[in-house]
Structure formats: C-alpha cells, structure tokens
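*Asks:* Here's my sequence, what's the structure:
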Amino acid sequence: MPKIQVAIAGVGNCASSLIQGLEFYSHRANRDLGGLMHRSIGGYSCDDIEVVAAFDIDRRKVGLPVEQAIFAKPNCAAVFQNFISASGVTVSMGPVLDGLAPHMVDHPDDEAFRLADEEPVDVACILKDSGAEVLVGYLPVGSEQAVRHYAEACLEAGVAMVNCVPVFIASDPEWARRFTKAGVPIIGDDIKSQVGATIIHRMLARLFGDRGVRLDRTYQLNTGGNTDFLNMLAQERLKSKKVSKTESVQSQLDERLESRDIHIGPSDYVAWQDDNKVCFIRMEGRGFGEVPMELELRLSVQDSPNSAGVVIDAIRCAKLALERGHAGPIDDVSACYMKSPPVQMRDTVARLRTEDFIRGIGDLPEQIAMVDAPVAGE
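*Replies:* Sure, this is the predicted structure:
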C-alpha cells in the first residue's frame, strides 16, 4: 500500500501520542494490536501513515526533527515508545495569530509556550511541497483565526483536514460549502476520545432515556495539568469548548435540559496532574413512579493517548474519502469520531454507518435505521 502522507498542525501532547503510537504499532504483530479500534481501514494499517510536515510556534520545537520535538517541553504526555525512527521532517514555524494565549507566557518554562523568533512559513506551499494528503489540526482551544488559516491552506493545497479542536469548520455551513466546492474532504470538529468523558456522558444520557429515566440535571467537571488545561484558564478561549462538549451531550437527550441544569466543561488546571485528566460526572433523574435516582462516576485517563487511536482511524477514513472522490464534511465518520459533527447521531448509529463507509457500503438498511435512529430534535 502507498503511505498516507500526513501533516500535523501543533506538535503538542496529542501529536506526541499519535507519533509514538505510529512507531509503537509498527513493531507489533497483527495479533497484538490492543488499543486500536481498527487494525486496518481500507487496507491501510498504522504502518501506512507517514508524517511529512509539521508546524508549531514554540521555540523549543521549531527547527527540530519532529521525532525530537514531540518530547520537548511543555509536552508532558506519557512516553510509551522511547525510540522514534528518523522522519526527515523538521518542524516549521506556523502562523501565530491567536494560537498563543497571553497568559501562557507568564508560566515557568516547563509549563508554557515560548514563542519562536522566526517568520511563519507559507503553510499551503509546505503542504504542496511535502506531498501531504491529510492535515491533522491539533491547535490550542480558542485558536479561531489560526485554525481557519490552516483550513484555508488545506483548500488551497487540496489537502483533506481532520479538525481535532473545537473551532467549528466541518460543522459550519459556509466552511462545509467551501470544502465541498473545492473537492476536499473534512472530518470534524473536536475529537471524541476512545473512552473519554464526552462519550461516556453521552452513552449514560442515552441509557437514561432508553430505560425510561427522566434526566433532571447533570454536570461534568474535568481537571488536568497539560497545556490544554492551562490554555483554557482564559475564559474567552474556553467558550467553544464548553459549547462543543455541552451540545454533544444535549444532542443525546430526547428533551434538552435548561442551561442551568447542565454544566459541562474543563473546570481547573492542576499542574501536577500533567497529561492525566480526571473527570467527575453526576446525573440526577427520576425513574419508575418518579422515584429519584442519582449516578456519580469518576474517570481517570491519560488524555492524549486516549484521543490518538481515534485520530489514527480518522486519518485513514480521510484517505479513503480522497480516494473515493468525496468532498466536504464526511458526516457519518465525523459523527463517530467528533464531538461537534455537522450531523449528530446516536453513537451506535454513527459507528455502524462508519463501518459501512469503511466497507464502501451506502446507507444503513432501513430496519437498522428505524431501530437506532438519531435522537429526537436532531
């Protein structure tokens, strides 16, 4: 199989886990690939993904080989693969725009960004020259202008986009129209981890509804110590993330909760947690006879590896979309892998439709769609 040529915008913790994972699984036998949702998609394994370009703005990463940059501060993702093969790829200086929150420079070197003193490259030109086919967007939350800059570069270069951050591109009708017109596929927005806070909260919300329990109120509180949580201390940068996570859960309810009855979002930065994310979910409802019931859950995960397996799938699906001539948002795949897709579905439906997309099959059989149809109001 030919390689899938990938560019990465933002060489942070998520990029570190992704690149470590590509090396990790390339040395494992086919029978020992635990942690992956799909060993092969369209004939493409992890071995077939190759990083050909990378962009960042931190002086400790720009100019370094990407396999070294992923271990540079302030990255603190778990190291599960020490040796990374030489890639021949040097991290390029990307556009700064709003990619750096002002408060980030006030923290110690090990925790915050240190802006590189270099001129930004022409992103579209680098994408074309490198032969990139898919760009993975890993920019910080709140980088509205910067994410749009990379989206524009994808349109100019004819490169598919996997938008892992809560800047609404695939789910924005105008951007969706532009990607469709340009003949470029996009999967987005805001990555949904393998077993993370959002998908657990969504599944529990559906469980309540499917079992006849009325959900009255709920919250999800998250703490972490990586630069994502540090960045989101700026409330103005947090807005899109809260919208993405809240609407992702609301979409699974038969009746929307009032805004005062649902609270979902990052709640605090705890430096010593590093890339460990701790989530607390509470749900209060009424069951048979309107008798009250309560559920509380605590989840502790390494945040960045938890998303990398999903991104590996999304990259391979983006490649299939390119091969098949798909353009614009890939709705079913986006619904499966993203918190804020253009079309929200139940996770069971999105998974089945994504499996059919991978196999090249059209719509689900009518009887399956009837049994597990998207929830009311979508």
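
*Asks:* Nearest spatial neighbour of N30, chain-adjacent residues omitted?
*Replies:* R39 (6.5 Å; C-beta to C-beta, 6 or more residues apart in numbering). To be clear about C-beta, it is placed using only N, CA and C from the backbone, and glycine gets the same treatment.

*Asks:* Work out for me the element T246 sits within.
*Replies:* helix 235-250 (DSSP states H and E).

*Asks:* Touching that helix from outside, list them.
*Replies:* 101, 140-142, 144, 166-168, 189-190, 192, 197-198, 201-202, 205, 218, 220, 231-232, 256-257, 262, 264-266, 339-340, 344 (C-beta atoms under 8 Å, 6 or more residues apart in numbering).

*Asks:* need the next SSE after that helix, C-terminal direction.
*Replies:* strand 262-269.

*Asks:* Tell me which residues of the helix holding T246 come out buried.
*Replies:* Judged by neighbour count using 16 or more other C-beta atoms under 10 Å, the buried positions of helix 235-250 are 237-246, 248-250.

*Asks:* Distance from it to the middle of the chain?
*Replies:* 14 Å (C-alpha atoms, centre = their mean, to the nearest Å).

*Asks:* go on, stretch 113-121?
*Replies:* Taking C-alpha atoms, centre = their mean, the mean C-alpha location of stretch 113-121 is offset from the chain mean by 25 Å.

*Asks:* end to end, how far does it reach?
*Replies:* With C-alpha to C-alpha, to the nearest Å as the measure, stretch 113-121 spans 19 Å from end to end.

*Asks:* So for whichever strand or helix holds V310, what gets flagged as buried?
*Replies:* Assigned by DSSP H and E, V310 belongs to helix 303-324. If you call a residue buried by 16+ other C-beta under 10 Å, then helix 303-324 has these buried ones: 303-322.

*Asks:* ditto for stretch 137-147
*Replies:* G137, Y138, L139, P140, V141, G142, S143, E144, A146, V147.

*Asks:* what's the offset of it from the middle of its chain?
*Replies:* That offset, for stretch 137-147, works out to 12 Å (C-alpha atoms, centre = their mean).

*Asks:* Run through who's touching that stretch.
*Replies:* 8-12, 14-15, 94-101, 150-151, 161-167, 169, 188, 227-228, 231-232, 234, 236-241.

*Asks:* Dump that stretch to CSV, keeping only the CA atoms.
*Replies:* What follows is stretch 137-147, C-alpha atoms only, in CSV (Å, rounded to 0.1, in the frame of the first residue of the first chain):
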residue,chain,number,x,y,z
GLY,A,137,-5.3,20.1,13.3
TYR,A,138,-4.1,20.0,16.9
LEU,A,139,-4.0,23.7,17.7
PRO,A,140,-4.9,25.0,21.2
VAL,A,141,-8.6,25.6,22.1
GLY,A,142,-9.6,29.1,21.2
SER,A,143,-7.3,29.4,18.2
GLU,A,144,-10.2,30.5,15.9
GLN,A,145,-8.1,32.6,13.5
ALA,A,146,-5.2,30.1,13.4
VAL,A,147,-7.4,27.1,12.7
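
*Asks:* and which of the buried residues of helix 235-250 is nearest P65?
*Replies:* Within these, the smallest distance to P65 is 29.9 Å, found for R237 (C-beta to C-beta).

*Asks:* ok, and the closest non-adjacent residue to the closest one?
*Replies:* Using C-beta to C-beta, 6+ apart, the closest residue to R237 is G142 (2.7 Å).

*Asks:* How about the secondary structure of the one you found?
*Replies:* coil (DSSP: H, G, I helix; E, B strand; the rest coil).

*Asks:* what pLDDT does it get?
*Replies:* Looking at G142, its pLDDT reads 92.

*Asks:* swap in G225?
*Replies:* pLDDT, read off for G225, is 94.

*Asks:* residues contacting it?
*Replies:* Counting by C-beta under 8 Å, 6+ apart, G225 has contacts C76, Y269, V270, A271, W272, Q273, D274, D275, N276.

*Asks:* D216: which element?
*Replies:* Here D216 is assigned to strand 214-224, by DSSP H and E.

*Asks:* buried set for that strand?
*Replies:* Those would be L215, D216, T218, Y219, Q220, L221, N222, T223, G224, for strand 214-224 by 16+ other C-beta under 10 Å.

*Asks:* now it and strand 262-269, what's the angle there?
*Replies:* Interaxial angle of strand 214-224 relative to strand 262-269 (axes from the mean of the first three to the mean of the last three C-alpha atoms, to 10 degrees): 10 degrees.

*Asks:* Which elements pack onto strand 214-224?
*Replies:* Packing partners of strand 214-224 (3 or more C-beta pairs under 8 Å, 6 or more residues apart in numbering; DSSP states H and E): helix 197-210, helix 235-250, strand 262-269, strand 276-286.

*Asks:* List the buried residues for the first one?
*Replies:* Buried residues in helix 197-210, defined by neighbour count with 16+ other C-beta under 10 Å: A197, T198, I199, I200, H201, R202, L204, A205, R206, F208, G209.

*Asks:* One more: the shortest one?
*Replies:* Neighbour-count burial for strand 262-269, with 16+ other C-beta under 10 Å as criterion, is recorded at I262, H263, I264, G265, P266, S267, Y269.

*Asks:* Please, which helix or strand holds L33?
*Replies:* Residue-wise, L33 maps onto no helix or strand under DSSP H and E.
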